[in-house]
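A.B. asks: Quick one, structure for this:
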Amino acid sequence: MEKLTQQEEEAMLAVWKTGEGSIKSFMAAFTGPLPPYTTLASTIKNLEKKGYITSRLVGNVNLYAPAVTEEAFKQKFMGNVVKDYFENSYKELVSFFVEKNKISSDELKEIISLIEGKK
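C.D. replies: Okay, here's the model as predicted:
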């Protein structure tokens with residue numbers, strides 16, 4: 001999987017939220033600032049070239065659908081973040097968020113419960 005730009009990631013979030021749809025339907029699913037139609041259309045074409053979405057022509061409208069699941073995307077890129085920035089250690093990742101006060105002790109207890117529940 002090729003790395004995505006922020007604009008491409010935002011577009012993918014709209015695609016995942018919509019499922020199969022047109023550019024207009026993706027615009028309706030945007031949660032942040034709405035890009036111009038032509039910008040989103042170009043971004044969608046780039047995502048198709050990168051293999052993240054597929055398209056099919058229905059009448060005179062292109063319908064696009066995700067070719068990569070959101071889960072697969074998260075797994076790939078979170079793994080890269082951990083590898084590239086946290087010495088391939090999830091412990092280092094969690095420590096970073098603890099030091100920056102971005103995770104509470106209650107949240108850490110929930111994470112521990114999740115881990116212990118998997119054993």
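
A.B. asks: what separates Ser113 from Ala11, distance-wise?
C.D. replies: From Ser113 across to Ala11, the span is 35 Å (CB to CB, to the nearest Å). C-beta coordinates here come from the backbone N, C-alpha and C atoms, glycine included.

A.B. asks: right, and Phe30 touches Met12 too?
C.D. replies: No. Applying CB atoms under 8 Å, one finds Phe30 not in contact with Met12, separated by 11.5 Å.

A.B. asks: coming back round to it: please say which of Ser113 and Ala11 ends up with more neighbours.
C.D. replies: The neighbour count for Ser113 versus Ala11, taken as other CB atoms under 10 Å, is higher for Ala11 (29 against 10).

A.B. asks: residues contacting the more buried one?
C.D. replies: Shown in contact with Ala11 (CB atoms under 8 Å, 6 or more residues apart in numbering): 26, 40, 43-44, 47.

A.B. asks: Would you agree Phe86 is in contact with Asn80?
C.D. replies: No. Contact criterion CB under 8 Å: Phe86 and Asn80 do not qualify, at 10.6 Å.

A.B. asks: In terms of packing, which of those two has more residues around it?
C.D. replies: Legend: neighbour count by other CB under 10 Å for Phe86 and Asn80, higher for Phe86 (15 against 12).

A.B. asks: and the more buried one, what is it in contact with?
C.D. replies: 92-93, 96.

A.B. asks: mind checking the backbone torsions on it?
C.D. replies: Dihedral pair for Phe86: phi -130, psi 30, per degrees, to the nearest 10.

A.B. asks: can you map out the helices along the chain?
C.D. replies: 6-18, 23-29, 37-49, 70-85, 90-99, 105-118 (DSSP state H).

A.B. asks: quick one: the first one to chain centroid distance?
C.D. replies: Using CA atoms, centre = their mean, to the nearest Å, we find the averaged C-alpha position of helix 6-18 to lie 7 Å away from the chain's own average C-alpha position.

A.B. asks: Cool, thanks, signing off.
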